[in-house]
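Novice: No letters, just coordinates:
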């Protein structure tokens, strides 16, 4: 959070199983499947969701929300992306954190590009070198650059 300029704010982090994540995803999003990361913004719940995520202020003790990560999915993705589990967890935490402060890759392609750019910037600030997309759609055949080499989606 320090890398994002919000060192004084707070967030809660929960690591859980695919089974528990599936239940959360079903209960809160109506999607009966596990996912890698869910975010529950306390900023939005307070009715103060910023129009611009960069407008969130670094206020001591401000709870930005809760990030829930499936450790099962994170480990599978780490193997798939050929990164360490710790690296994958960091990227998922960054992704979830950005959702807490108002970024949303599901609104539009432009918003997805903005969010991915911010993810990359924050990852670089904390020394994360590999670049992988946090989200891939099943059957996506696009090619992307990963750690300096081309890799096809499965």
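Specialist: In hand now; what should we look at? In this text the structure is predicted, and so the values were computed from the model without any measurement.
Novice: and the residue most central in space within the chain, how far is that from residue 61?
Specialist: Among the residues of the chain, the smallest C-alpha distance to the mean C-alpha position (Cα atoms, centre = their mean) belongs to residue 95, namely 1.7 Å. With distances taken as Cβ to Cβ, to the nearest Å, residue 95 is found 24 Å from residue 61. (C-beta placed from N, C-alpha, C; glycine too.)
Novice: ok, the residue nearest to the centre of the chain touching residue 37?
Specialist: Yes. In this structure residue 95 lies within contact range of residue 37 using Cβ atoms under 8 Å: 5.7 Å.
Novice: Let me know whether my guess that the residue nearest to the centre of the chain is in a helix holds.
Specialist: Yes. Membership of residue 95 in a helix is supported by DSSP: H, G, I helix; E, B strand; the rest coil.
Novice: what about it, distance to residue 60?
Specialist: Here residue 95 is placed at a distance of 25 Å from residue 60 (Cβ to Cβ).
Novice: for residue 90, helix, strand, or coil?
Specialist: The three-state label for residue 90, taken from three-state DSSP, comes out as helix.
Novice: where do the strands sit along this protein?
Specialist: Secondary structure of the chain (DSSP state E): strands at 10-16, 37-41, 63-70, 143-146, 149-152.
Novice: Show me what the first one is in contact with.
Specialist: Spelled out, it's strand 10-16. The contact list for strand 10-16 (Cβ atoms under 8 Å, 6 or more residues apart in numbering) reads 1, 24, 61-71, 89, 93, 97, 100.
Novice: how does it look with 6 Å?
Specialist: Residues from elsewhere that reach strand 10-16, judged by Cβ atoms under 6 Å, 6 or more residues apart in numbering: 63, 64, 65, 66, 67, 68, 69, 71.
Novice: residues in contact with the residue lying closest to the fifth one once chain neighbours are set aside?
Specialist: So that's residue 67. Taking Cβ to Cβ, 6 or more residues apart in numbering as the measure, residue 67 lies nearest to residue 96, with 3.5 Å between them; neighbours along the chain are not counted. Counting by Cβ under 6 Å, 6+ apart, residue 96 touches 37, 39, 67.
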